[in-house]
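A.B. asks: Structure of the sequence below:
(2 chains)
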There are 2 protein chains.
Amino acid sequence: MENLERLAIHTMTTKPWDLPTAVKKYSQAGVGGLGLWRQWLEGRTLETSKALLDDHGIKAVSLVRGGFFPGLTPAERSASLDDNRRALDEAAAIGAPQLVLVCGARPDQSLSENRRQIMEGIAACIDHAASVGVKLSIEPLHPMYADCRSAVNTIGQCNDIIDQLGDAWVGIAADVYHIWWDPNLEQEIRRAGKRILGFHVCDWLTPTQDFLNDRGLMGEGCIDIRGIRQEVEAAGFCGWIEVEIFSSRHWDRDQDAFLSDIITAYKSHV
Amino acid sequence: MENLERLAIHTMTTKPWDLPTAVKKYSQAGVGGLGLWRQWLEGRTLETSKALLDDHGIKAVSLVRGGFFPGLTPAERSASLDDNRRALDEAAAIGAPQLVLVCGARPDQSLSENRRQIMEGIAACIDHAASVGVKLSIEPLHPMYADCRSAVNTIGQCNDIIDQLGDAWVGIAADVYHIWWDPNLEQEIRRAGKRILGFHVCDWLTPTQDFLNDRGLMGEGCIDIRGIRQEVEAAGFCGWIEVEIFSSRHWDRDQDAFLSDIITAYKSHV
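C.D. replies: Next up is the predicted model:
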């Protein structure tokens, strides 16, 4: 029986709850970590948000999300870099050690150009990351998002990027939803080693009804979550385990009951 | 300006047309090749179907589809092998040189077990393939189908399988829809070389509305079809180019107009 000391939940998972509600509910349930989506910071100062977390003994384990580097013009790409630097500042202000990067892609330019611009964009953020002490965690996204969400689609690609950029301020957020199918998964997790800074869990449903918002709670689908967890831990990961579920079906439910189910599923399937 | 001598169309692409209609329409349009889905063989003898093709000067370039090897019980897996042998017999009878394998997957058993059963299933079909002179073309499917359609998801995986089973009777059907996102695509196509027995084209739409039936006509989406074609041809492929589009949107249109658009798109984007 797993205790909850490494369990974190993304604010997006319990989307109907605002930040004050989420920190109160998580805290009451014994959940000490939170993956903080930037929308949940709106409407109050960063200091107030940080105080909210601290008052409930909740740690922001990641800020979600930076990235989206590709752009058709230098001005667009420059605006994206500015936004990533702001996100790094926000992460530092709320005490999150990492900014999760959904790297972006545009269907109206080539895959190789998207990938070139991503590399360039991450490289351009490293100095700022170092200056504020926040790591950049590249989250490879499932290949079904390669057209418009991220042209970084495997742990292997992250490793190739980090081989070039160094691992002082760049790492990997490994989400089972995006990587479970990969025939090279085990070897690339081993290759990644301590580069893995985040581990996200949910499940893959059969059939999946929607490209974005039909993820499963752990145990509802076919992903060998515990097996992948063993692999990332064997590679050296010992950080928070972040529950990140986008699900219209679960968002429509009573969120207290859903939170209780998340905790049960975490104990049984992660 | 490309001529049509290598253009083939899958019967599923113009789904509303039965086989007699499809062969007549394709022939009138100057299309000489057809990817034959097994459902289109129902309701008449194989000899009659073959005569239909011959009378219109149409070549069956592939029979679609075999595979679906995984099963929970030995009896299920054995039934699948029987069906694959029947499919090989059908391919031989209609003069198709290859049977396209959609290898299968079950969400209720592990990915590694699915992959083991696929390897075992393909291996078990090789003798029959040799005896009837029909090749087995493994079609890697997009990772979004790894749960229930195919646990073979990259050209690299196909290469690994063929390294073990030999390439006398086993090859690869490369469909741009399934492989376009792959960061290792170019190197794995080079590695595949003449193992590539089929090349399928369509396009990836943004946004894609449906997991199965929302493919685009070539040019409607973001895939660099011509670039991938150059790679497979540089690797030695010189066979038919098969248009395989599942699209509720296009099936709802007038199929004569759709066929005309297919030919225009083939000339412009393939």
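A.B. asks: which residues touch A:R195?
C.D. replies: A:R195 makes contact with A:158-159, A:162, A:167, A:170-172 under the criterion CB atoms under 8 Å, 6 or more residues apart in numbering or on different chains. C-beta coordinates here come from the backbone N, C-alpha and C atoms, glycine included.
A.B. asks: The top strand by length along chain A packs against which elements?
C.D. replies: As assigned by DSSP state E, the longest strand anywhere in chain A is strand A:59-67. Packing partners of strand A:59-67 (3 or more CB pairs under 8 Å, 6 or more residues apart in numbering or on different chains; DSSP states H and E): strand A:7-10, strand A:33-37, helix A:74-94, strand A:98-102.
A.B. asks: Show me which residues of the stretch 1-150 of chain A sit near chain B.
C.D. replies: Neighbours of chain B within the stretch 1-150 of chain A, by CB under 8 Å from any CB of the partner chain: A:107-108, A:110-111, A:115, A:142-144, A:146-148.
A.B. asks: Quick one: neighbours of A:D254, just the number.
C.D. replies: A count of nearby residues for A:D254, using other CB atoms under 10 Å in any protein chain shown, gives 9.
A.B. asks: what pairs with A:A8 across the strands?
C.D. replies: Under the criterion DSSP bridges, A:A8 forms beta bridges with A:G33, A:E242.
A.B. asks: Confirm for me that it is in contact with A:G35.
C.D. replies: Yes: the pair A:A8 / A:G35 is scored as a contact, 5.7 Å apart, by CB atoms under 8 Å.
A.B. asks: what sits in contact with each of the two?
C.D. replies: A:61-62, A:242.
A.B. asks: so which of these would you say is closest to B:D254?
C.D. replies: Proximity to B:D254 was ranked across the shared contacts of A:A8 and A:G35 by CB to CB; first place goes to A:E242, at 50.2 Å.
A.B. asks: show me what contacts the closest one?
C.D. replies: By CB under 8 Å, 6+ apart, the contact set of A:E242 is A:8-10, A:33, A:35, A:61-62, A:198-201.
A.B. asks: Dump these to a markdown table, plus neighbour count and pLDDT.
C.D. replies: As requested, those are exported to a markdown table (neighbours: other CB atoms under 10 Å in any protein chain shown; pLDDT from 0 to 100):
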| residue | neighbour count | pLDDT |
| --- | --- | --- |
| A:A8 | 27 | 98 |
| A:I9 | 27 | 98 |
| A:H10 | 25 | 98 |
| A:G33 | 23 | 98 |
| A:G35 | 27 | 98 |
| A:V61 | 24 | 98 |
| A:S62 | 30 | 98 |
| A:G198 | 28 | 98 |
| A:F199 | 24 | 98 |
| A:H200 | 24 | 98 |
| A:V201 | 26 | 98 |
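A.B. asks: Which pLDDT value belongs to the spatially most central residue of chain A?
C.D. replies: Nearest residue to the geometric centre of chain A (CA atoms, centre = their mean): A:V100, 5.1 Å. Per-residue confidence (pLDDT) for A:V100: 98.
A.B. asks: likewise the one 10 residues further on?
C.D. replies: Model confidence at A:S110, given as pLDDT, is 97.
A.B. asks: tally of neighbours for the residue nearest to it when sequence neighbours are not counted?
C.D. replies: Distances taken as CB to CB, 6 or more residues apart in numbering or on different chains put B:D224 closest to A:S110, at 6.1 Å, once the chain neighbours are dropped. Other residues within reach of B:D224, judged by other CB under 10 Å, total 15.
A.B. asks: How about the contacts made by B:D224?
C.D. replies: A:110-111, B:180.
A.B. asks: Buried only: go through the residues you listed for me.
C.D. replies: The neighbour-count test (16 or more other CB atoms under 10 Å in any protein chain shown) applied to the contacts of B:D224 identifies A:111, B:180 as buried.
A.B. asks: rewinding a little: can you narrow the contacts of A:R195 to ones near chain B?
C.D. replies: Contacts with chain B within the contacts of A:R195, counted by CB under 8 Å from any CB: none were found.
A.B. asks: by contact count, what packs against the helix or strand that A:K267 is a member of?
C.D. replies: For A:K267, the host element (DSSP states H and E) is helix A:255-269. Helix A:255-269 sits against strand A:7-10, helix A:19-29, strand A:241-243, with contacts defined as 3+ CB pairs under 8 Å, 6+ apart.
A.B. asks: For B:Q39, find the nearest of these.
C.D. replies: Comparing those under CB to CB, the one sitting nearest is strand A:241-243, at 42.7 Å.
A.B. asks: Any residue of the following helix or strand past that closest one touching chain B?
C.D. replies: Of the helices and strands lying after strand A:241-243 in sequence (DSSP H and E), the nearest is helix A:248-251. No: counting by CB under 8 Å from any CB, chain B has no neighbours in helix A:248-251; the shortest distance is 15.5 Å.
A.B. asks: contact partners of helix A:248-251?
C.D. replies: For helix A:248-251, using CB under 8 Å, 6+ apart, the contacting residues are A:15-16, A:210, A:213-214, A:217, A:258.
A.B. asks: Return the set of buried residues in that helix.
C.D. replies: Across helix A:248-251, burial judged by 16+ other CB under 10 Å covers A:249-251.
A.B. asks: I'd like those written out as CSV, with pLDDT added.
C.D. replies: Supplementary listing: the buried residues of helix A:248-251 in CSV, determined by pLDDT from 0 to 100:
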residue, pLDDT
A:R249, 98
A:H250, 98
A:W251, 98
